[in-house]
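Sequence first, then the predicted structure:
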Amino acid sequence: MKLLILCISLAVLRSSLGINPATEEEEWQEWKARYGKGYPTDEEDEDRRNVWLENYDYVAAHNALNDVTYKLELNKFADELSPAISYPDHEKVHEEILVKDKSAPKQFDWRKKGVVGAVKKPGSDGICGGLCCCRQVLTPYLQGLSEVLCLTSSVFTRPRLYLQLSPAISYPDHEKVHEEILVKDKSAPKQFDWRKKGVVGAVKNQGQMGYVEAFVAAECVESLHAIQTGRLYDLSAQEVEACCREFLQLPIENDVFGCIHKIGGLCTAATYKPSSQCSNTSCEPVAQTQGTKYVPANNEGALLEALLTVPVFVTVNASPQSFLMYKSGVYSDPQCTGGNLDHVLQLVGYGTDEEGNAYWICKNSWGEDWGMEGYVYIQRGVNRCGIAEDAKYPY
């Protein structure tokens with residue numbers, strides 16, 4: 001009897017929040033027709049339908065909540081489960097891959113080569129020689145903020161400028177404080193959108209081209225060139241993929257804009273003739289960049305400053321199912337944290353909605369039929385989805 005009651009309760013719950021069993025077949029067929037879905041076997045059709053039903057209930061349950069800042073929809077990804085895979089030891093995996101390359105020893109220390117000088121103390125002017133230079137920046141708002149010029153943890157990358165909080169002082173809301181300083185400056189408005197400047201291209205659909213970094217890199221160079229010249233081109237993502245991979249023979253996300261500079265700039269998507277290898281000699285480049293500038297990691301204040309200069313290449317965690325099913329509003333799923341960064345977006349603006357929810361305006365490459373006509377508003381101020389962990393831009 002208890003089992004019967006449980007089954008009836010579950011059926012009522014699905015009927016109230018999810019699909020009506022009487023119309024399930026009709027809705028399934030309508031959804032497949034809307035997105036041009038078809039499957040080679042009846043078995044796969046049934047498997048996909050079960051996933052679709054699971055997402056149907058998930059979307060309905062979420063949208064029935066009153067305390068959420070965003071809505072979901074049964075979009076073109078509704079027959080897919082998110083590839084949410086956890087890699088708690090991803091750094092170790094990366095190290096293991098490097099160690100397999102004979103050119104990358106298990107440990108390395110330039111000090112043992114006799115090419116690193118003694119640690120120096122800053123003089124009266126707060127500036128010191130050598131590779132690291134520290135200077136206290138004391139303002140009425142941020143006591144203990146250190147400006148540090150240091151080499152990154154990788155010996156293969158250039159020195160980067162970081163703004164770091166003093167380890168002796170805790171600033172739980174340091175991003176908000178930093179943002180407050182920026183907003184007091186007239187050059188940093190409370191909201192900003194590069195789309196209104198006419199320097200952001202149309203939303204693209206990466207389709208089966210899994211190399212999303214190429215799309216976003218091309219889009220960032222498009223925007224930079226438009227800011228500098230007033231001309232907005234549709235640049236070739238396929239050229240970035242083919243030529244930068246061939247040129248560096250390494251994951252190009254580390255210095256993608258430096259690679260674009262080295263290959264002589266980018267051609268338009270219409271003039272570049274894709275092939276199995278880099279073929280940019282057959283077209284004339286129309287946009288160039290000088291290289292890559294890196295945003296200090298986990299610093300949304302610095303990210304905002306960079307954004308006021310040019311749209312930014314940001315790496316995010318897009319693995320939660322809620323991200324795939326996103327429709328509108330300020331995306332604030334607490335399950336979308338940093339660490340597992342598996343997708344790239346073009347950051348083009350920021351703002352605050354009527355309820356006071358701060359957000360970043362991000363352009364995706366999943367087509368205009370996803371999200372807010374191809375865009376997602378990601379919660380700002382809490383490093384949602386790791387948006388501030390790995391950001392860079394061309395110059």
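Thanks, I have the structure now. Numbering: from 1, shown residues only.

What about residue 49, how many residues nearby?
Here the number of neighbours of residue 49 (other Cβ atoms under 10 Å) works out to 18. C-beta coordinates here come from the backbone N, C-alpha and C atoms, glycine included.

whoops, residue 26 was the one
Other residues lying near residue 26 total 10 when counted by other Cβ under 10 Å.

Downstream of the helix or strand containing it, the next helix or strand is which one?
Taking DSSP states H and E as the definition, residue 26 sits inside helix 24-34. If you walk from helix 24-34 toward the C-terminus, the next helix or strand you reach (DSSP H and E) is helix 42-63.

What residues sit buried inside that following helix?
45, 48-49, 52-53, 55-56, 58-60, 62 (16 or more other Cβ atoms under 10 Å).

How about stretch 224-240?
Using 16+ other Cβ under 10 Å as the burial criterion, the residues of stretch 224-240 that qualify are 224-227, 232-233, 235-240.

Then stretch 322-329?
Using 16+ other Cβ under 10 Å as the burial criterion, the residues of stretch 322-329 that qualify are 322-327, 329.

Make TSV out of those and add secondary structure, distance to residue 34 and pLDDT.
Written out in TSV, the entries for the buried residues of stretch 322-329 read as follows (DSSP: H, G, I helix; E, B strand; the rest coil; distance: Cβ to Cβ, whole Å; pLDDT from 0 to 100):
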residue	secondary structure	distance to residue 34	pLDDT
322	helix	21	97
323	helix	21	97
324	helix	17	95
325	coil	15	97
326	strand	18	98
327	strand	15	98
329	strand	22	98
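
and the nearest residue to residue 212 once chain neighbours are set aside, what are its bridge partners?
Sequence neighbours aside, residue 344 is the residue nearest to residue 212 in space, at 5.0 Å (criterion: Cβ to Cβ, 6 or more residues apart in numbering). Partner residues in beta bridges with residue 344: residue 315, with DSSP bridges as the criterion.

Residue 344 - how many residues pack around it?
By other Cβ under 10 Å, 26 other residues sit near residue 344.

residue contacts, it?
Counting by Cβ atoms under 8 Å, 6 or more residues apart in numbering, residue 344 touches 212-213, 215-216, 253, 313-316.

my guess is residue 292 meets residue 257, correct?
Yes: using Cβ atoms under 8 Å as the test, residue 292 is close enough to residue 257 to be in contact (4.1 Å).

returning to what we had before: right, and out of the contacts of residue 344, which lies closest to residue 267?
Proximity of these to residue 267 was ranked by Cβ to Cβ; the top entry is residue 215 with 15.2 Å.

Using PDB, write out the CA atom coordinates for the helix or strand encompassing that closest one.
With secondary structure defined by DSSP H and E, residue 215 is part of helix 212-229. These are the backbone C-alpha positions of helix 212-229, laid out as PDB (Å, rounded to 0.1, in the frame of the first residue of the first chain):
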ATOM      1  CA  VAL A 212      35.700  27.300 -28.800                       C
ATOM      2  CA  GLU A 213      38.900  29.200 -27.800                       C
ATOM      3  CA  ALA A 214      39.300  30.000 -31.500                       C
ATOM      4  CA  PHE A 215      35.900  31.600 -31.800                       C
ATOM      5  CA  VAL A 216      36.300  33.800 -28.800                       C
ATOM      6  CA  ALA A 217      39.900  34.800 -29.700                       C
ATOM      7  CA  ALA A 218      38.700  35.900 -33.200                       C
ATOM      8  CA  GLU A 219      35.800  37.800 -31.600                       C
ATOM      9  CA  CYS A 220      38.100  39.600 -29.200                       C
ATOM     10  CA  VAL A 221      40.500  40.700 -32.000                       C
ATOM     11  CA  GLU A 222      37.400  41.800 -34.000                       C
ATOM     12  CA  SER A 223      36.300  44.000 -31.100                       C
ATOM     13  CA  LEU A 224      39.800  45.400 -30.600                       C
ATOM     14  CA  HIS A 225      40.200  46.300 -34.300                       C
ATOM     15  CA  ALA A 226      36.700  47.900 -34.300                       C
ATOM     16  CA  ILE A 227      37.600  50.000 -31.300                       C
ATOM     17  CA  GLN A 228      40.900  51.100 -32.900                       C
ATOM     18  CA  THR A 229      39.600  51.700 -36.400                       C
END
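
Thank you kindly, that will do.
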